[in-house]
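Q: here's a sequence, model it:
(one chain, ligands or ions: 1)
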Amino acid sequence: MAEYKVKVTTGTMKHSGTIDHIYVILIGTEGQSERTELNSLGMDFITGKASCCVFKHLKKKKKHKTGAYKVKTSSSLGKLLLVKVEKDPFLIFPEDEWFCCKVEVKTPEDEEILFPCYRWLSRGEFVELRAGKGVKFLEEDHPMLLNHRKTELRFKKGTYQWKIINDGLPHITHFKDVFELFAEVRFPLSKTEELEHTQRMITLELAMKGLVEPGKKWKRIEHMKNVFQFKKTTMSGEYVLEHWKEDDFFGSQFLNGTNPNVIKRCSKLPPNFPVTDEMVKPFLETGTTLEKEMEEGNIFLCDQKIMDGIPTRQKDGNPLYVAAGLCLFYKNPEGKLLPIAIQLYQQPSEQNPIFLPNDLDTDWLLAKLFFRSSDLIQHQTLHHLLHTHYLAEVFTMATFRCLPTVHPLYKVLIPHINCTLHINILVRKLLLSPGGALSESSLGVEGLMELMRRDLSQMTYSSLCLPENINERGLESIPNFYYRDDALKLWNYLNDFVTAMVEYYYSSDCDVIKDIELQEWVNEIFTHGFLENKHSGIPSCFNTIEEVAKFITMVIFRVSVQHAAVNNGQYDYNSWVPNGSLLLCKPPPATKGESSMQTFLDTLPDVEDSVKIMSAARILSEKYTDVVLLGEFPEEHFDEPLPKEIIKALQADLSYIKEEIAARNSKLEMPYTYLNPDVVENSVTI
Ligand code: FE2
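A: Next comes the predicted model:
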């Protein structure tokens, strides 16, 4: 007689427990156990509870509920290969889904083996679990396991299918509705409820204030201050409202706002931006020249030529407007980045003047509004949607399709693809559908798609890898660039983590070349994400351990750190419409000296469109519970000691940077908080 001790853990999410019958069959090299019901005294498989926490500011830890059972067999089953878990209905009770976290088995030989599950089981469903040790294709040493691996991938390829929505754009999942997704890749119920609650509160607040009347224009800028009285952050509630007109604040947003991705050092002016020394002399230090400042690396440029010529949409029969501008910045001796010249369209002409800080106040303010609005469209469409959400979807699809759950890199990647399909389906349904905040922008859906198409055709691998991106843009030494400082440190920590994991599982470059599943994974990303564009520099295969480590660092960085950088500050910076708007109703001044504050007000969107932009920024920046932060691994997928140590080392690095960021921010007038690991999620979920 042999006895196996079995422990089964149920999830902590709402409704993750079940009263249904649960059975297991242990399958080994020497036979299998009887189908054994797991039933001990008291309630089995109930939802784990949040533990009491004396420190209210700390995130509540949830305790899993684990049940212990025995499975008896006539003799040892040999090497344990699979654990089959089945769920059968209890009497005639309705469907009662169960979230099984893991099964742990102690064999008669005293070996303790983890079998990760982390999925919902419905009535009559079963799952066959592999042990937690990461195994590559060529390492499979039993026909049953090889067959299990192939069957899993066949099933997943049938389930997760690519779909082309627009030529020239990354391919997406074929799922149209979140309810078509497996429960474990959907939002937890708590998040869905919180999102719906936030939406209801916003609708109620706007209705109470009479802010949903179509066509109503703003009479005074001050009236916008109280759109959301119940949701104020230090930045959105005070700082932006006080400083939005200032050049210093305008410049700082290109370093530490929601779009720190666009400025470059300028050593030579583009031929279509004829700024002269005379024009900018009053804004430079005495005794210097534009040429000299360019040579010294103190001049920076933001060029929006990618927007050039994209048709805008019409609203109520009237055209909307968007700039495709050029802005020159000067880093002054105090380290401040100041705009010194703005041209709003690409072709210089008399009707397209170069605006300067000493122009009429409202001319300069309008120039900044147009430039920032165009930047906001690029931020949302390219740097947020395409470079994080859409790429994250490509990484998610390729991972589900090409890597079986037992693959070591699936285990590395799974925390970073959580809920991404769900949020992207919502983005397409709510933001990019008629009436959604993004489709109502000056470009409309067609224009946004064209913008993404242009951007993807010129996207490069190096631009997605932060250290190279910063070097290519010449931003290594510009001061007060907190995004760069924090993001580079996080990139390096992630690279250390990924390199250690990859080196643990791959002993040589030859191992990499022979891993056909990994090769297929990167090839799917190259094909479906980058449309086989060889000029992008995106690899279509891997030849070395180093290449794998760099690519996976890029993937994790994009979906966690970079998404946090472009997502978390949206309410702070983008909910104050005079600081930038997704749509503008009047053209920019073609002649200097004729504008007024009324021109500025007429240019802004009406009340209904303004509050739509503000509401979207608020929903996307809201803090939700049940988030999984960078470095947290609530699911136990690894069973070997070294990967667990590598995870602990990453967590120690992240704790260290939290303290560094807090110390730096305590000295800043405008703290940069978006990359504190306390607010960086592991995956794109909002
Ligand atoms: Fe997002």
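Q: phi, psi for the nearest residue to Met614 once chain neighbours are set aside please.
A: In space, and not counting its chain neighbours, Met614 is closest to Ser575: 4.5 Å by Cβ to Cβ, 6 or more residues apart in numbering. C-beta coordinates here come from the backbone N, C-alpha and C atoms, glycine included. Dihedral angles of Ser575 (phi, psi; degrees, to the nearest 10) stand at phi -90, psi -10.
Q: looks like Ser575 contacts Lys612 (just checking).
A: No - Ser575 is beyond contact range of Lys612, at 11.2 Å (criterion: Cβ atoms under 8 Å).
Q: any idea of the mean pLDDT for stretch 156-169?
A: Averaging the model's pLDDT scores along stretch 156-169 yields 96.
Q: same question, stretch 512-531
A: Summarised as a single mean, pLDDT over stretch 512-531 is 98.
Q: for Leu328, which three-state class applies?
A: strand (DSSP: H, G, I helix; E, B strand; the rest coil).
Q: in a helix, Lys225, correct?
A: Yes - Lys225: assigned to a helix according to three-state DSSP.
Q: ok, back up a step: neighbour count winner among Ser575 and Lys612?
A: Using other Cβ atoms under 10 Å, the more surrounded residue of Ser575 and Lys612 is Ser575, with 26 against 20.
Q: and the more buried one, how far from Ile202?
A: Plainly put, Ser575 is 11 Å away from Ile202 if you go by Cβ to Cβ, to the nearest Å.
Q: just Leu80 next, same as before
A: Using Cβ to Cβ, Leu80 is found at 52 Å from Ile202.
Q: tell me which helix or strand comes right after the helix or strand where Leu518 lies.
A: For Leu518, the element it lies in under DSSP states H and E is helix 516-524. Next in sequence after helix 516-524, counting helices and strands by DSSP H and E, comes helix 545-557.
Q: so what's the residue count around the nearest residue to Glu450 once chain neighbours are set aside?
A: Nearest in space to Glu450, with sequence neighbours left out and distances taken as Cβ to Cβ, 6+ apart, is Ile310 at 5.3 Å. The tally of other residues near Ile310 (other Cβ under 10 Å) stands at 19.
Q: likewise for Phe400?
A: By the criterion of other Cβ under 10 Å, Phe400 has 22 neighbours.
Q: shouldn't Ile342 be within a helix?
A: No - using three-state DSSP, the assignment for Ile342 is strand, not a helix.
Q: let's number from 7 now, not from 1
A: Right, with 7 as the first residue, what we last looked at is Ile348.
Q: that one: neighbouring residues, count only.
A: By other Cβ under 10 Å, the residues close to Ile348 number 29.
Q: repeat that for Glu642.
A: 16.
Q: thought it was touching Glu110?
A: No - judged on Cβ under 8 Å, Glu642 makes no contact with Glu110 at a distance of 9.4 Å.
Q: show me the common contact partners of those two, please.
A: Common neighbours of Glu642 and Glu110 (criterion: Cβ atoms under 8 Å, 6 or more residues apart in numbering): Leu120.
Q: show the model's pLDDT score for Glu43.
A: Here, the pLDDT recorded for Glu43 equals 92.
Q: sorry, that was for Ile98
A: For Ile98, the model assigns a pLDDT of 64.
Q: domain parsing for this structure?
A: As assigned by automatic domain parsing, the chain contains the domains 8-137, 169-178+389-574+634-671.
Q: need the winner for burial among those.
A: Among the domains of the chain, domain 169-178+389-574+634-671 has the highest mean neighbour count (mean count of other Cβ atoms under 10 Å), at a mean of 19.
Q: how long is that domain end to end?
A: Counting by Cα to Cα, to the nearest Å, you get 44 Å between the two ends of domain 169-178+389-574+634-671.
Q: who's in contact with the helix or strand of the chain with the lowest mean pLDDT?
A: Here the helix or strand of the chain ranked lowest by mean pLDDT, DSSP states H and E is helix 195-214, holding a mean of 79. Contacts of helix 195-214 with the rest of the structure, by Cβ under 8 Å, 6+ apart, involve 19-21, 193, 218, 233-236, 425, 617, 621, 624-625, 628, 630-632, 691.
Q: buried only: go through the residues you listed for me.
A: Among those, those buried by neighbour count (16 or more other Cβ atoms under 10 Å) are 19, 193, 233-234, 425, 617, 621, 624-625, 628, 630, 632, 691.
Q: same list (those) but as CSV, adding pLDDT.
A: Converted to CSV, the buried ones among the contacts of helix 195-214 look like this (pLDDT from 0 to 100):
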residue, pLDDT
Met19, 83
Phe193, 86
Val233, 73
Phe234, 65
Cys425, 94
Val617, 84
Ser621, 84
Arg624, 81
Ile625, 83
Glu628, 77
Tyr630, 80
Asp632, 78
Thr691, 93
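Q: mind listing what's buried in the very next helix or strand once past the least confident helix or strand of the chain?
A: Next in sequence after helix 195-214, counting helices and strands by DSSP H and E, comes helix 246-249. Residues of helix 246-249 classed as buried: Val246, Leu247, His249 (neighbour count, 16+ other Cβ under 10 Å).
Q: make TSV from the residues you listed and add distance to Glu638 to it.
A: Shown next, in TSV, are these (distance: Cβ to Cβ, whole Å):
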residue	distance to Glu638
Val246	31
Leu247	35
His249	35
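Q: Val518: which of those is nearest?
A: For the buried residues of helix 246-249, the residue nearest Val518 by Cβ to Cβ is Val246; the value is 48.0 Å.
Q: could you find the closest non-adjacent residue to that closest one?
A: Using Cβ to Cβ, 6+ apart and skipping the chain neighbours, the partner closest in space to Val246 is Trp582 (4.8 Å).
Q: gap between that neighbour and Ser380?
A: Distance, Trp582 to Ser380, using Cβ to Cβ: 17 Å.
Q: average pLDDT across the strand or helix carrying Asp659?
A: Asp659 belongs to helix 647-671 when assigned by DSSP H and E. Per-residue pLDDT over helix 647-671 has a mean of 97.
Q: what does it rub up against?
A: By Cβ under 8 Å, 6+ apart, helix 647-671 touches 140, 414, 417, 488, 491-492, 495-496, 499-500, 502-503, 506-507, 510, 636-637, 639, 644, 677-679, 681-684.
Q: also stretch 588-606?
A: For stretch 588-606, the surrounding residues in contact (Cβ under 8 Å, 6+ apart) are 227, 321, 324, 326-329, 350, 357-359, 361, 365-366, 368-369, 371-373, 375-376, 379, 382-383, 386, 443-444, 446-448, 584, 608-612, 615, 619.
Q: Glu600: how many residues sit nearby?
A: Glu600 is flanked by 11 other residues according to other Cβ under 10 Å.
Q: and Lys215, how many residues sit next to it?
A: Neighbours of Lys215 under the rule other Cβ under 10 Å: 15.
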